[in-house]
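K.L.:
what's the 3D shape of this:
(chains A and B)
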Amino acid sequence: MRTVADLGIGEHGFISGFTDEKLSLKLLEMGCLPGTEVILTHHAPFGDPIAIKVSGYTLSMRKEEAATILINSI
Amino acid sequence: MAKIPKIALIGNPNAGKSSLFNTLTGLRQKTGNFPGVTMDKLTGLWELGPKNEIEVLDLPGIYSIYPKSIDEELVINILGNPAHPDYPDMAIVVADASNLKRNLLLFSQVRDLGIPTVLALNMIDVAENEGYVINSIKLARELSVEVAEVNAKKGIGINGLKLAVQKSLENRFSSNDGLPLPVSEEVITDIQGAFGDVDPYRCLLWLMEHDRMKMFTKAQCADLDQIMVKHDFEPKKYKSAETVKRYEFLTEVVDRCVINLNRQWDAPPVKTWTDRLDKLFLHPVGGYLFFLAILFVMFQAVFTWATYPMDAIDAGVALLNDWLKGILPESTFRGLLTDGLIAGIGGVLIFIPQIAFLFFFISMLEETGYMSRVMFIMDKLMRRFGLNGKSVVPLLSSVACAVPAIMSTRSIGSRKDRLITILVTPLMSCSARLPIYTVLIALVVPEKNTLFGLFNLQGLVLFILYLLGFFMALLSAYMMKLILKAKEKSYFIMELPTYKGPRFKHVSYTILNNVKAFVFEAGKVIVAISIILWVLASYGPGDSMEDATNRIKIQNPNLTGVELSNKIAGEKLENSYAGHFGKFIEPAIRPLGYDWKIGIALITSFAAREVFVGTMSTIYSLGGEIDNENATIKNRMRAEINPQTGKPMYDMALGFSLLIFYAFAMQCMSTLATTYRETKSWKYPLIQFGYMTALAYLSAFLVYQALS
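P.N.:
Down below sits the predicted model:
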């Protein structure tokens, strides 16, 4: 299963689900809804954390957190 | 007079809530405390019309009413509890129009709590620049709420907001859609049975968040737990499903009320300023270089530019003291007023320029949106040491003062990360240490240029002391990371807001509020200690003070005038209460190279380290052997002779030993009190005090033994 953590800079995907129940509420509230498009825009130095564009704004998260967001690239 | 209605300002972080607050209330704001919590409460008066004022309460920025960190907890504690003294008559939800859907999530939750709500649409210009046109009349109808378009930064649209608020206050209309997501009716009936007839959504909030709400007794919490078990209710599942459901509804609303011009013309997405700036600020190399450059300017400002106003304050206080000494007759009262009280107040006032500069920089970094980029690029580094990208802000602010720094840790969601940050933050060299560093460095480090004449040696030593504090904080954090256990995983899901020009009004309010808090909070302690110290140093047990005078007179029958009075003053100090205290701890501090006079300073500065310089000047002006009345504290200390060696007392070994001691020691009551309030336990201030004092003692011991 591909996750947001697998995206390269400029690549995009559509959120299909979450693997961590506790994080998912925070992510949902921040606008990471199933079906929403995410684009990876930045890596911090050393590749972690990452920044994604979602629902019209930029959201940063750690790589391990990004790995809980499942995506498919329809 | 009728009770003034209360309005709560609620909104996402960066939605312009604080801007709106400043625009509405101007200078008529005051900081206070929320009952039971230490969080600063910012309220202000807003004139709705002639003789019609309302109180506006600024609440911390949140994304949802379900809290994830301690600062967010406050919001449900107020909004969820109608008996709370700060429970508002109505709420203004400030929404960033350029990110409407996410901002409306919070709005819909607040409204469902049954609080009359007005929606203030902010940053419409930003939305329009990005190609979104919002039909706010339609939005108002769809959401059945009063909508006011405002530009909080420029103060446009305030009249419309006034009208909306007035209307809402008059009819107290709160739309009640019922529950966002149905639950079995018995759950609600059970809660209403136990707690009375309340709004169903509020019932659910109580059910799901009662652990974080202070209004419930232990028995009530147990009752709610029981209801949860009885109905097999899973809060996490419900909250997630509720959020999705709300977004589904809001997506439809937004689709109907917002026209996206970009999509219609299929234009390529615009490259915004934020995208361009992020290329530089988040660059793997350039990002760090830029951050270092900012730090450099910040320190330059604090250590060089701030010295001019500081010198002026210092001179002003000295002038005032000399003048008072000139016009007042010699008396105990004069001594207490000039050497005790005014010297103490001067010691507080002198920090104002530095604190103002530091808060200027920190609030500028936060205002512009750059601070979250710093957190972003520092997170990985900080995490290795048991900290968190968000720890950067407290660590940085504690260069000004550890008290606001520790309070700013509330936004750190993970308890372990927050605790470690609180514990190590006071190791950063705060502005109270600066005068001590300055005096001691001037005593023991020669003033010359070094490294190809590029750097001033004294400045270099000062810089190294700051670095030392920082590295010791990292090292201690690392040790604590190994010891402390984490209950939950830390997370770093954080918005990177768009860059904005700083609102100088807001920056100046921040500076003003913080300087005020410092002067009054820290000032109280410092002034009290100055007075106590003056008393302790001027009086002794029994007749010891008179005995001292007589002894000197008998021993030195030939001395007269200034020389005699100086000798007497010295003997008096040694026999005063303060002298006795100093002598008492002398054996313990001997290995570090300190004598009883420094002992007095150590004791007094355990409450507040900034007292050190004041104590030294009190001690040496009372017991000094220098004729010149205007001699500075530096000259007095330089002239001090070590009675055992006959050489100057303040040599390299002692100087550096003291510097290291003050760099690491926990000498600040206010910080310990803040740690206590923030951790709600005596355990952590005690740990903090213990480990820092041990660290200071050991390092000072090693430095002294190595150098002497």
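K.L.:
kindly report the residues of chain A close to chain B.
P.N.:
A:21-31, A:33-34, A:41-46, A:48-49, A:51, A:55-62, A:65 (C-beta under 8 Å from any C-beta of the partner chain). Where you see a C-beta, it was placed from the backbone N, CA and C, and this is true even at glycine.
K.L.:
mind giving me the PyMOL command for buried ones among the residues you listed?
P.N.:
In PyMOL, this line selects whichever of the residues of chain A next to chain B come out buried by 16 or more other C-beta atoms under 10 Å in any protein chain shown:
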select buried, chain A and resi 23+24+25+26+27+28+29+30+31+33+41+42+43+44+45+48+49+51+55+57+58+59+60+61+62+65
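K.L.:
which other helices and strands does the regular element (helix or strand) spanning residue B:377 contact?
P.N.:
Element membership for residue B:377 (DSSP states H and E) is helix B:370-384. On a contact count with 3 or more C-beta pairs under 8 Å, 6 or more residues apart in numbering or on different chains; DSSP states H and E, helix B:370-384 meets helix B:273-281, helix B:286-300, helix B:352-368, helix B:392-397, strand B:494-496.
K.L.:
switch those over to CSV; also include mean pLDDT, distance to chain A and mean neighbour count.
P.N.:
Shown next, in CSV, are the helices and strands packed on helix B:370-384 (pLDDT from 0 to 100; distance: least, C-beta to the nearest C-beta, whole Å; neighbours: other C-beta atoms under 10 Å in any protein chain shown):
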stretch, mean pLDDT, distance to chain A, mean neighbour count
helix B:273-281, 86, 6, 16
helix B:286-300, 85, 7, 14
helix B:352-368, 84, 15, 21
helix B:392-397, 87, 13, 24
strand B:494-496, 90, 4, 22
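K.L.:
among these, which is nearest residue B:153?
P.N.:
Minimum separation from residue B:153 across the helices and strands packed on helix B:370-384 (C-beta to C-beta) falls at helix B:352-368, 10.8 Å.
K.L.:
run the angle between the closest one and helix B:286-300 for me.
P.N.:
Using axes from the mean of the first three to the mean of the last three C-alpha atoms, to 10 degrees, the inter-axis angle of helix B:352-368 relative to helix B:286-300 is 160 degrees.
K.L.:
related to what we said a few turns ago, hmm, who's touching the helix holding residue B:377?
P.N.:
A:42, A:44-46, A:48-49, A:51, A:60, A:62, B:278, B:281-282, B:287-288, B:291, B:294, B:362, B:365, B:388-393, B:478, B:492, B:494-497, B:499 (C-beta atoms under 8 Å, 6 or more residues apart in numbering or on different chains).
K.L.:
could you rerun that using 6 Å?
P.N.:
Contact partners of helix B:370-384, identified using C-beta atoms under 6 Å, 6 or more residues apart in numbering or on different chains, comprise A:44-46, A:48-49, A:60, B:281, B:287, B:291, B:365, B:388-392, B:492, B:496.
K.L.:
all strands of chain A, in order?
P.N.:
A:12-18, A:37-43, A:50-54, A:57-61, A:69-72 (DSSP state E).
K.L.:
would you format those as TSV with mean pLDDT included?
P.N.:
Shown next, in TSV, are those (pLDDT from 0 to 100):
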stretch	mean pLDDT
strand A:12-18	92
strand A:37-43	91
strand A:50-54	93
strand A:57-61	92
strand A:69-72	92
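K.L.:
keep only those of the residues of chain A next to chain B that are in helices.
P.N.:
Counting by DSSP state H, the part of the residues of chain A next to chain B found in helices is A:21, A:22, A:23, A:24, A:25, A:26, A:27, A:28, A:29, A:65.
K.L.:
with distance to residue B:542 and pLDDT added, can I get these in TSV?
P.N.:
Shown next, in TSV, are those (distance: C-beta to C-beta, whole Å; pLDDT from 0 to 100):
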residue	distance to residue B:542	pLDDT
A:21	72	84
A:22	67	84
A:23	69	89
A:24	73	91
A:25	70	91
A:26	67	91
A:27	72	93
A:28	74	93
A:29	70	92
A:65	69	92
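K.L.:
and the nearest residue to residue B:664 once chain neighbours are set aside, what does it touch?
P.N.:
Closest residue to residue B:664 apart from its sequence neighbours, by C-beta to C-beta, 6 or more residues apart in numbering or on different chains: residue B:696 at 3.9 Å. Contact analysis of residue B:696 by C-beta under 6 Å, 6+ apart lists B:661, B:664, B:665.
K.L.:
wait, the second one touches residue B:695, no?
P.N.:
Yes - with the criterion set as C-beta atoms under 6 Å, residue B:664 and residue B:695 qualify as a contacting pair; they are 4.7 Å apart.
K.L.:
residue B:274 and residue B:372: what is the separation?
P.N.:
12 Å (C-beta to C-beta, to the nearest Å).
K.L.:
circling back: I'd like the ones in helices among the residues of chain A next to chain B as a markdown table, with distance to residue B:613 appended.
P.N.:
Output for those, formatted as a markdown table (distance: C-beta to C-beta, whole Å):
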| residue | distance to residue B:613 |
| --- | --- |
| A:21 | 55 |
| A:22 | 50 |
| A:23 | 50 |
| A:24 | 54 |
| A:25 | 52 |
| A:26 | 48 |
| A:27 | 51 |
| A:28 | 54 |
| A:29 | 50 |
| A:65 | 48 |
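K.L.:
the stretch 151-300 of chain B: helices as residue ranges?
P.N.:
B:158-171, B:185-195, B:200-209, B:218-230, B:235-257, B:261-265, B:273-281, B:286-300 (DSSP state H, counting those that start in this stretch).
K.L.:
quick check, the third one touching chain A?
P.N.:
In this case it means helix B:200-209. No - using C-beta under 6 Å from any C-beta of the partner chain, helix B:200-209 stays clear of chain A, coming no nearer than 11.0 Å.
K.L.:
contacts only, for residue B:579.
P.N.:
Contacts of residue B:579 by C-beta under 6 Å, 6+ apart are residue B:573.
K.L.:
just checking, it is part of a strand?
P.N.:
No - applying DSSP: H, G, I helix; E, B strand; the rest coil, one finds residue B:579 to be helix, outside a strand.
K.L.:
show me where chain B has its strands.
P.N.:
Counting by DSSP E, the strands of chain B are B:6-11, B:29-33, B:40-49, B:52-58, B:90-96, B:117-122, B:132-134, B:146-149, B:258-260, B:449-450, B:455-456, B:494-496.
K.L.:
okay if I get those as CSV plus distance to residue B:467?
P.N.:
Supplementary listing: the strands of chain B in CSV, determined by distance: least, C-beta to C-beta, whole Å:
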stretch, distance to residue B:467
strand B:6-11, 39
strand B:29-33, 33
strand B:40-49, 31
strand B:52-58, 37
strand B:90-96, 39
strand B:117-122, 42
strand B:132-134, 47
strand B:146-149, 50
strand B:258-260, 51
strand B:449-450, 16
strand B:455-456, 14
strand B:494-496, 28
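K.L.:
neighbours of residue B:400, how many?
P.N.:
Residue B:400 has 25 neighbouring residues, counting by other C-beta atoms under 10 Å in any protein chain shown.
K.L.:
I figured it hits residue B:355, correct?
P.N.:
Yes - with contacts counted by C-beta under 6 Å, residue B:400 reaches residue B:355, the gap being 5.3 Å.
K.L.:
now for the two: what residues contact both?
P.N.:
residue B:431.
K.L.:
chain neighbours aside, what residue packs nearest to residue B:519?
P.N.:
residue B:348 (6.0 Å).
K.L.:
count the residues that sit near the one you found.
P.N.:
Neighbour number of residue B:348 under other C-beta under 10 Å is 23.
K.L.:
next one: it from residue B:528, what distance?
P.N.:
Taking C-beta to C-beta, one finds residue B:348 at 11 Å from residue B:528.
K.L.:
next: residue B:225.
P.N.:
In terms of C-beta to C-beta, residue B:225 sits 46 Å off from residue B:528.
K.L.:
ok, now residue B:654?
P.N.:
Taking C-beta to C-beta, one finds residue B:654 at 29 Å from residue B:528.
K.L.:
so which of these two has more stuff around it?
P.N.:
residue B:654 (25 against 13).
K.L.:
show me the longest helix that occurs in chain B.
P.N.:
Chain B, longest helix under DSSP H: helix B:504-538.
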